[in-house]
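Asker: my questions are about this predicted structure, shown below with the sequence.
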Amino acid sequence: MAAGLCCLASLYGFGAVLDGYSQRLHPPGLLGARGIELAAAFNLLGFALPGLALAWVGWRLRERLAQRSRATRIGAWMWSVSALAWAAQGAFVLDPANLDAQSSRLHAAMWLLWALAFVAGALLVGLDAIRRPGERGLALIAWLAAAAMVIVLRDGQFGLMSGPVAQRLALCAWLAAYVAMMWREHGQR
């Protein structure tokens, strides 16, 4: 949960101190872009540390699911891949002056991998969890988060909401699924 709070606090905190930055109009990656004041700090606190912490959570989930189906274990790995892709966005920073630069393209690729890996992983983990009465809540949250991510990221292209707002909603859905999974982990100890 601390990783999610660190990520969101970084997004809103660094956004508040960057002159001219709007949460409604600018993507999260801009806070860590080349030439932006405090970009390195945002990349560490907004991308790298939360992503690595959540990758560890996904890895622990994979260990706990060792006796479950192959699809479920792959789903847990996909959650870890998603979190590592989130962390990698802090290493591959956007270059606002050259969006075709290698680093900008890698940042965009990590953004896409983050979303695709999470959606695939959530669907697979949810398929197993729905069959277990004590885990149906996790399945529901995972599937709702995956659906929300797909809907809001797709909707950002149609103008019903701005792309940056859709990105933040997708981020919140992703973090909510991780928090639900961590609560489940904590409750089973």
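Answerer: That came through, no problem.

Asker: not counting its neighbours along the chain, what's nearest residue 146?
Answerer: Among residues not flanking residue 146 along the chain, residue 122 sits closest, at 3.8 Å (Cβ to Cβ, 6 or more residues apart in numbering). Just so you know, the C-beta spots here come from the backbone N, C-alpha and C atoms, and that holds for glycine as well.

Asker: what does residue 72 give?
Answerer: residue 128 (3.9 Å).

Asker: give the next helix or strand downstream of the longest helix that the chain contains.
Answerer: What stands out as the longest helix in the chain, according to DSSP state H, is helix 102-129. The first helix or strand that comes after helix 102-129 along the chain, using DSSP states H and E, is helix 136-155.

Asker: what's the angle from that following helix to helix 102-129?
Answerer: Orientation check (axes from the mean of the first three to the mean of the last three Cα atoms, to 10 degrees): helix 136-155 against helix 102-129 gives 150 degrees.

Asker: so what touches helix 136-155?
Answerer: 115, 118-119, 122-123, 125-130, 161, 166-167, 169-170, 173-174, 176-177, 180-181, 184 (Cβ atoms under 8 Å, 6 or more residues apart in numbering).

Asker: now the angle between helix 102-129 and the next helix-or-strand element following it, please.
Answerer: Once the chain leaves helix 136-155, the next helix or strand it forms, by DSSP H and E, is helix 163-187. Angle, helix 163-187 to helix 102-129, by the same axes, to 10 degrees: 40 degrees.
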